[in-house]
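Q: Sequence plus predicted model, see below.
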Amino acid sequence: MSKKKVRYGVVGLGHIAQMAVLPAFEHASKNSELTALISDDPEKLRLIARKYAVDALFSYDEYDLCLRSGAIDAVYIALPNHLHRDYAVRAARAGIHVLCEKPMAVTQAECRSMMAAADKNDIRLMIAYRLHFEESNLGNIELIRAGKIGEPRLFSSVFTMNVREGDIRLQKRELGGGTLYDIGIYCINAARYLFGSEPVEVRAVSATSDDPRFAHSEEMVSAVLRFPGDRLATFTCSFGATKSGSYEVVGTKGSLRLEPAYEYAAEITRTVTIGGKLKKKTFAKRDQFAAELLYFSDCVLRGKEPEPSGKEGLIDVKIIEALYRSVRSRRPVRLDPPDKASRPRMKQEIQRPPVKKPKLVRTTPPTK
């Protein structure tokens, strides 16, 4: 491996890869380089390779050949959720580092398999929680930790979008479809890093209209997570409502609100209210994916365990599974809090300018 740059193969050339991951390499060129593309669409491979000057092109059947080719040091896995485990484990066994989109996998067992393969083969495994490197979220963690809003008592959030019929997000739950895996995970993760602890009990309810889009997955889920100290986090996520995304934390002395809270290509506004006085701050649009690449490449080059690690991904999947159990049983589900060793800190913040909107090749946005 070059001691200056980590060479990446991007696995999957769908919407998120084309819109955000591939363009991010320009802003991460200090220590990251795009050297291979993996897809089963020859037209995508041809056109995208030309655009980004990539020579090493592989089909999915040639994935193991790619891993052994010497062309890459790491993979960025941007595949459907149910394929994450297989492609991550195969990379780890080949000594290739893994940066995997969230959710980490569909089940806890799959997550643990990925972690075990990473440990056994001494490779770095990171889950792509881009907001762990974003200034507004990290600043909110610091504000809460400093006691600016007093003791945080409740978290509330909404994350909704109108998903196109036939989109992969609407497939069966066994394949990682459904609102919690795709967008609810953002609300869960935000509540955890803002409260700085893990939920001890969860409950949830789902609702689905007769819209044919939702033949295999629920339309929406509302959830309540109880944290130590009898703090509550509530959120609703939906695939059948207009685009919206925000969160608010209310404490004993004040509150803070972030909107849009989960976007990767928009300005973000924080509103802090203390003693009736309101203060707003706007954060410029940034390249959140370049920040991920820069951080992960640094971890690879320095042999450092990343935050967010596989353990972070496992915890969210464990909570998602518990929420779906609650939906089915119509009862609360108790959780044994894990020993969470690390959380995002302000020192992880990385700023890069926004990318220009790229022209898409044989892919469509997930929303109407």
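A: Everything's here; your move. Residues are numbered from 1 along each chain as shown.

Q: Gly139: helix or strand, and which one exactly?
A: Secondary structure assigned from DSSP states H and E places Gly139 in helix 135-145.

Q: and that helix, which residues are buried?
A: 135-141, 143-144 (16 or more other Cβ atoms under 10 Å). In short, each C-beta sits where N, CA and C put it, glycine included.

Q: Ser244 contacts Val158, correct?
A: Yes: with contacts counted by Cβ atoms under 8 Å, Ser244 reaches Val158, the gap being 5.6 Å.

Q: out of these two, which sits in the busier spot?
A: In this view Ser244 and Val158 are compared by other Cβ atoms under 10 Å, and Val158 has more residues nearby, 19 against 14.

Q: The more buried one - that's part of a strand, no?
A: Yes: according to DSSP: H, G, I helix; E, B strand; the rest coil, Val158 belongs to a strand.

Q: who touches Phe58 in this structure?
A: The neighbours of Phe58, taking Cβ atoms under 8 Å, 6 or more residues apart in numbering as the test, are 9, 36-38, 65-66, 69.

Q: Kindly state the domain boundaries assigned to this protein.
A: Domain ranges of the chain: 6-130+289-308, 135-284+317-334, per automatic domain parsing.

Q: With distance to Lys357 as new columns, can those domains be given to me in TSV?
A: What follows is those, written out as TSV (distance: least, Cβ to Cβ, whole Å):
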stretch	distance to Lys357
domain 6-130+289-308	8
domain 135-284+317-334	8
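
Q: for those domains, which one ends up most surrounded?
A: Taking mean count of other Cβ atoms under 10 Å as the contact definition, the stretch among these with the greatest mean neighbour count is domain 6-130+289-308, which reaches a mean of 20.

Q: got the end-to-end distance for that one?
A: For domain 6-130+289-308, the first-to-last residue distance is 18 Å (Cα to Cα, to the nearest Å).

Q: Helices of the stretch 201-350 of the chain, start to end?
A: In the stretch 201-350 of the chain, the segments counted as helices under DSSP state H, counting those that start in this stretch are 288-302, 310-329.

Q: Can you say which of those helices is nearest to Met104?
A: Met104 lies closest, by Cβ to Cβ, to one member of the helices of the stretch 201-350 of the chain: helix 310-329, at 2.9 Å.

Q: Looking at the contacts of Phe58, which is nearest Pro332?
A: Closest to Pro332, out of all of the contacts of Phe58 and judged by Cβ to Cβ, is Ile38, at 42.3 Å.

Q: circling back to that earlier point, wait, which of the contacts of Phe58 is closest to Phe227?
A: Using Cβ to Cβ as the measure, the one of the contacts of Phe58 that approaches Phe227 most closely is Gly9, at 39.0 Å.

Q: Show me what the helix or strand harbouring the closest one is packed up against.
A: The secondary structure element spanning Gly9 is strand 6-11 (assigned by DSSP H and E). Contact partners of strand 6-11 among helices and strands, from 3 or more Cβ pairs under 8 Å, 6 or more residues apart in numbering; DSSP states H and E: strand 32-38, strand 74-77, helix 288-302.

Q: Pull up the gap between Pro308 and Arg130, please.
A: Plainly put, Pro308 is 10 Å away from Arg130 if you go by Cβ to Cβ, to the nearest Å.

Q: ugh, wrong one, I meant Ile16
A: Where Arg130 is concerned, Ile16 sits at a distance of 11 Å (Cβ to Cβ).

Q: before we move on, back to that, need the helices and strands packed on strand 6-11 in TSV (columns: distance to Phe227).
A: Shown next, in TSV, are the helices and strands packed on strand 6-11 (distance: least, Cβ to Cβ, whole Å):
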stretch	distance to Phe227
strand 32-38	36
strand 74-77	31
helix 288-302	26
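
Q: among these, which is nearest Leu154?
A: If you check each of the helices and strands packed on strand 6-11 against Leu154 by Cβ to Cβ, helix 288-302 wins as the nearest, at 26.7 Å.

Q: Just the mean pLDDT for the closest one, thanks.
A: Model confidence over helix 288-302 averages 98 on the pLDDT scale.

Q: just use 462 as the starting number from now, easier for me
A: Let's use 462 as the start, then, which means that last one is helix 749-763.

Q: and the direction of that helix versus that of helix 596-606, what angle?
A: For helix 749-763 against helix 596-606, the angle by axes from the mean of the first three to the mean of the last three Cα atoms, to 10 degrees is 80 degrees.

Q: list the helices and strands helix 749-763 packs on?
A: With contacts defined as 3+ Cβ pairs under 8 Å, 6+ apart, the secondary structure elements packing on helix 749-763 are strand 467-472, helix 483-485, strand 493-499, strand 535-538, strand 558-561, strand 586-588.

Q: at 7 Å what do you get?
A: Using 3 or more Cβ pairs under 7 Å, 6 or more residues apart in numbering; DSSP states H and E as the contact definition, the elements that helix 749-763 packs against are strand 467-472, helix 483-485, strand 493-499, strand 558-561.
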